[in-house]
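*Asks:* coords below, sequence missing:
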Ligand SMILES: NC(=O)c1ccc[n+]([C@@H]2O[C@H](COP(=O)([O-])OP(=O)(O)OC[C@H]3O[C@@H](n4cnc5c(N)ncnc54)[C@H](O)[C@@H]3O)[C@@H](O)[C@H]2O)c1
Ligand SMILES: Nc1nc(=O)c(N)c(NC[C@H](O)[C@H](O)[C@H](O)COP(=O)(O)O)[nH]1
């Protein structure tokens, strides 16, 4: 899962690159995008990969409020192959309600979800983690690179109530270090 900020900035593929090629595309993960207002472009790599048989059908989660323009975009994205699922919006204006996002995905058969980013989505999941028991574990990859002023920090400044973590293990993969943590239960 990514937010629309990441989908628009990175045009990601959200697939697995290191496995040997698979016989069918169905061993790759289901791409899921949190896109409140349906801003995803129908020509993005996720939809092109699906059309070309090298990616699963992207699911786009949007708010359940529709204008004429948003309905037009829904039809365009559906025409490009996306499945659109509407979700209630949080009253505090923080985006789609994450407890509803997870229960809807579960009702559609998703049993395991990796939240890839970006900053706003990671911040929402961590901020609501205690309230709705949203997260099991956190995987942090540290690359030996200074990003500098253009970098976006992992969490936004206004973040509160971030849960404490227990370290599980760390491994070095090439130049990167991957740190696995679990949410500390209170
Ligand atoms: N370093 C990494 O591992 C990594 C991973 C992923 C993304 N990124 C970077 O993150 C940047 C994008 O981050 P961002 O914060 O601008 O956008 P984002 O990807 O977090 O998307 C945020 C958008 O998602 C929608 N949304 C719907 N429900 C939401 C909810 N409950 N909570 C939060 N958002 C919700 C909203 O429209 C919101 O504007 C990109 O530049 C990308 O390169 C980095
Ligand atoms: N390892 C790493 N070093 C970086 O300097 C950097 N900016 C990222 N960023 C991760 C990136 O923002 C998301 O992982 C993509 O959005 C996923 O895209 P793909 O599915 O791989 O195409 N990752």
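*Replies:* Structure received. Keep in mind that this is a model prediction, so the values were computed, not measured. Ligands and ions are numbered 1, 2, ... in the order given.

*Asks:* for the record, mean pLDDT for the biggest helix by length in the chain?
*Replies:* Secondary structure of the chain per DSSP state H: the longest helix is helix 119-132. Per-residue pLDDT values across helix 119-132 average out to 90.

*Asks:* list the helices and strands that helix packs on?
*Replies:* When contacts are defined as 3 or more C-beta pairs under 8 Å, 6 or more residues apart in numbering; DSSP states H and E, helix 119-132 sits against strand 2-3, helix 4-10, helix 98-107. From N, CA and C alone the C-beta is placed, and that goes for glycine too.

*Asks:* does any bit of the helix or strand bottoming out on mean pLDDT in the chain sit next to ligand 2?
*Replies:* Within the chain, confidence by mean pLDDT, DSSP states H and E is lowest for helix 119-132 among all helices and strands, at a mean of 90. No: no part of helix 119-132 sits close enough to ligand 2 to count as contact by C-beta under 6 Å from any ligand atom; the gap is at least 10.2 Å.

*Asks:* Could you check the pLDDT of the nearest residue to residue 81 once chain neighbours are set aside?
*Replies:* Leaving aside its sequence neighbours, residue 81 sits nearest to residue 50 (C-beta to C-beta, 6 or more residues apart in numbering; 4.8 Å). Predicted confidence (pLDDT) for residue 50: 97.

*Asks:* for residue 72, same thing?
*Replies:* Per-residue pLDDT puts residue 72 at 98.

*Asks:* Which element, helix or strand, includes it?
*Replies:* Residue 72 is located in helix 68-79, with elements delineated by DSSP states H and E.

*Asks:* Enumerate the residues of the protein near ligand 2.
*Replies:* If contacts are counted using C-beta under 6 Å from any ligand atom, the residues of the chain sitting beside ligand 2 are 6, 10, 12, 13, 14, 116, 117, 143, 145.

*Asks:* just checking, what packs against the helix holding residue 72?
*Replies:* Packed against helix 68-79 by the contact rule (3+ C-beta pairs under 8 Å, 6+ apart) you find strand 59-63, strand 83-87.

*Asks:* Can you convert these into CSV and add a column each for mean pLDDT?
*Replies:* Formatted as CSV, the helices and strands packed on helix 68-79 follow (pLDDT from 0 to 100):
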stretch, mean pLDDT
strand 59-63, 98
strand 83-87, 98
